[in-house]
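*Asks:* Below: sequence and its predicted model.
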Amino acid sequence: MDNKEKLQEEQQNETEFSFNEKRDAAVARLGLTRRSGIDRRALRLGVYGLDAEKAIAMFDGDRELYYDILRSYMVNTPPLLDQCENVTIENIADYGRIVHGLKGSSRGICADEFANIAERLEQAAKDGDIEFIAQYNPLFLTAARELLTGIVDMLEKRSQGIPKRKEERPDKMLLNKLSAACEAYNMKTVDAILDVLDSYEYEHDGELVIWLKDNAEKLNLSAIIERISTV
């Protein structure tokens, strides 16, 4: 049974969930059903859909390791989501590879329901079903960005009143990614990387992070690129 046939099956007896008005309208407009292979609950992600306790157990109770992985997810996911915009039949194979990667990284943080959405879209890409992707990709991107916002909020709340972890100096790989994000004028990624850099206390070059945040707020991106090149 292909995607279109699945979407045309009966839409009754669905379990209804509480969505905000914007998503209510989107769901109604797209006719989203369980028969689509996408769980409606996963489209109200925030931190909903992130099973932190399961993940921490998976990492043998090492919460700090899990939080580090979440920070990495925060940095690496936004540019991939940007590449998922404007899917066409010409770039559908690339889209499939990207959502395959998002599926794996999302399972790695135990955002399983979101990973299931990515898996469903990956299969649609393999099938060449551009119509299915055109219908559900916008909600997929909305859910992903809400998940990222929820992770940021969770980590910020957790950090309140808790001493920052100490590092010798700002991570060079993160700085290089920050520079690349500035070159691409990708402010979502810039902000995500700065959040990660700011989550540590540094023995050396801590003032660099303060300077980077200040100049990012002023959109002095060329200055940031030049400064990082000298580090």
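*Replies:* Thanks, I have it. Residues are numbered from 1 along each chain as shown.

*Asks:* Confirm residue 204 sits in a strand?
*Replies:* No. Using DSSP: H, G, I helix; E, B strand; the rest coil, the assignment for residue 204 is coil, not a strand.

*Asks:* Return the helix or strand in the protein with minimum mean pLDDT.
*Replies:* Least confident element among the helices and strands of the chain, by mean pLDDT, DSSP states H and E: helix 21-30 (a mean of 42).

*Asks:* now for the next helix-or-strand element following it, which elements pack on it?
*Replies:* Using DSSP states H and E, the helix or strand that directly follows helix 21-30 along the chain is helix 52-58. Packed against helix 52-58, as judged by 3 or more CB pairs under 8 Å, 6 or more residues apart in numbering; DSSP states H and E, are the following elements: helix 63-83. Placement of C-beta: from N, CA and C, glycine included.

*Asks:* where's the helix it packs on relative to the chain centroid, distance-wise?
*Replies:* 7 Å (CA atoms, centre = their mean, to the nearest Å).

*Asks:* Check which residues of the helix or strand following it are buried.
*Replies:* For helix 63-83, the following helix or strand on the C-terminal side (DSSP H and E) is helix 92-108. Residues 92, 95, 96, 98, 99, 100, 102, 103, 105, 106, 107, 108 are the ones in helix 92-108 that count as buried (16 or more other CB atoms under 10 Å).

*Asks:* Thought residue 69 was touching residue 62, still the case?
*Replies:* No. Between residue 62 and residue 69 there is no contact under CB atoms under 8 Å: 9.9 Å.

*Asks:* between the two, who's got more neighbours?
*Replies:* Applying other CB atoms under 10 Å to residue 62 and residue 69 shows that residue 69 carries more neighbours, namely 16 against 13.

*Asks:* The more buried one is in contact with residue 111, isn't it?
*Replies:* No. Applying CB under 8 Å, one finds residue 69 not in contact with residue 111, separated by 11.4 Å.

*Asks:* mind giving me the domain split of the protein?
*Replies:* 21-159, 165-229 (automatic domain parsing).

*Asks:* First-to-last residue distance for the shortest one?
*Replies:* Spelled out, that is domain 165-229. 26 Å (CA to CA, to the nearest Å).

*Asks:* Please identify the buried residues of stretch 208-228?
*Replies:* By 16+ other CB under 10 Å, the buried positions in stretch 208-228 come out as 208, 209, 212, 213, 215, 216, 220, 221, 224, 227, 228.

*Asks:* From those, pick the one nearest residue 175.
*Replies:* residue 228 (5.0 Å; CB to CB).
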